[in-house]
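Participant: Quick one, fold the following:
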Amino acid sequence: MASRRLIIAANRLTIAYNAFMGLQCNIDARGQRMRARMGTVFVIGAGLMAALWAWPRGSIVAWAVTGAALAVGLFMLFEARNKWCAMRAMGIKTKI
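Facilitator: The predicted structure is shown next:
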């Protein structure tokens, strides 16, 4: 019972956090283009890996690597669209 209350309280905090925290623009147009290009490369690469490696082989490792590449590519496209970099948001300096 107490753990359920803790989960409900945590969910309310998460909703409140997400409702008030927006993504602040922290990259310029050059960084946005680079993330869009790299995201596109990763998504296309994941499609090729799925078609040429994961599907024929059928192993869980092949599908996990393909899924990870797709997730990274989609996240890079998300960063480019929102002009936001997760690494910069954590305080890590990047060149682009």
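
Participant: where does the residue sitting nearest the centre point of the chain land on pLDDT?
Facilitator: The residue lying closest to the centre of the chain (CA atoms, centre = their mean) is residue 75, at 2.8 Å. You'll see residue 75 listed with a pLDDT of 97.

Participant: which residues in this structure form helices?
Facilitator: Chain-ordered helices for the chain, with DSSP state H as the definition, fall at 2-20, 29-49, 55-57, 60-82, 86-89.

Participant: For residue 95, find the nearest of these.
Facilitator: With CB to CB as the criterion, residue 95 lies closest to helix 29-49 of those, at 9.1 Å. Where C-beta positions appear, they are placed from N, C-alpha and C, glycine not excepted.

Participant: can you list the residues that contact that closest one?
Facilitator: 27, 62, 65-67, 69-70, 72-81, 83, 85, 94, 96 (CB atoms under 8 Å, 6 or more residues apart in numbering).

Participant: Filter the residues you listed down to the buried ones and express that as a ChimeraX selection.
Facilitator: Listed next is the ChimeraX selection for buried residues among the contacts of helix 29-49, using 16 or more other CB atoms under 10 Å:
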select :27,62,66,69,70,72,73,76,77,79,80,83,85
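
Participant: so what's residue 27 up against?
Facilitator: Contact analysis of residue 27 by CB under 8 Å, 6+ apart lists 35, 79, 83-85, 88, 96.

Participant: Among these, which pair sits farthest apart?
Facilitator: 84 and 96 (13.7 Å).

Participant: what about the closest residue in space to residue 89 that isn't next to it in sequence, distance to residue 55?
Facilitator: Nearest non-adjacent residue to residue 89, counting by CB to CB, 6 or more residues apart in numbering: residue 26, 6.3 Å away. As judged by CB to CB, to the nearest Å, residue 26 and residue 55 stand 38 Å apart.

Participant: Which one's more surrounded, the two?
Facilitator: When residue 26 and residue 55 are compared for neighbours, residue 26 comes out ahead with 16 against 12, by other CB atoms under 10 Å.
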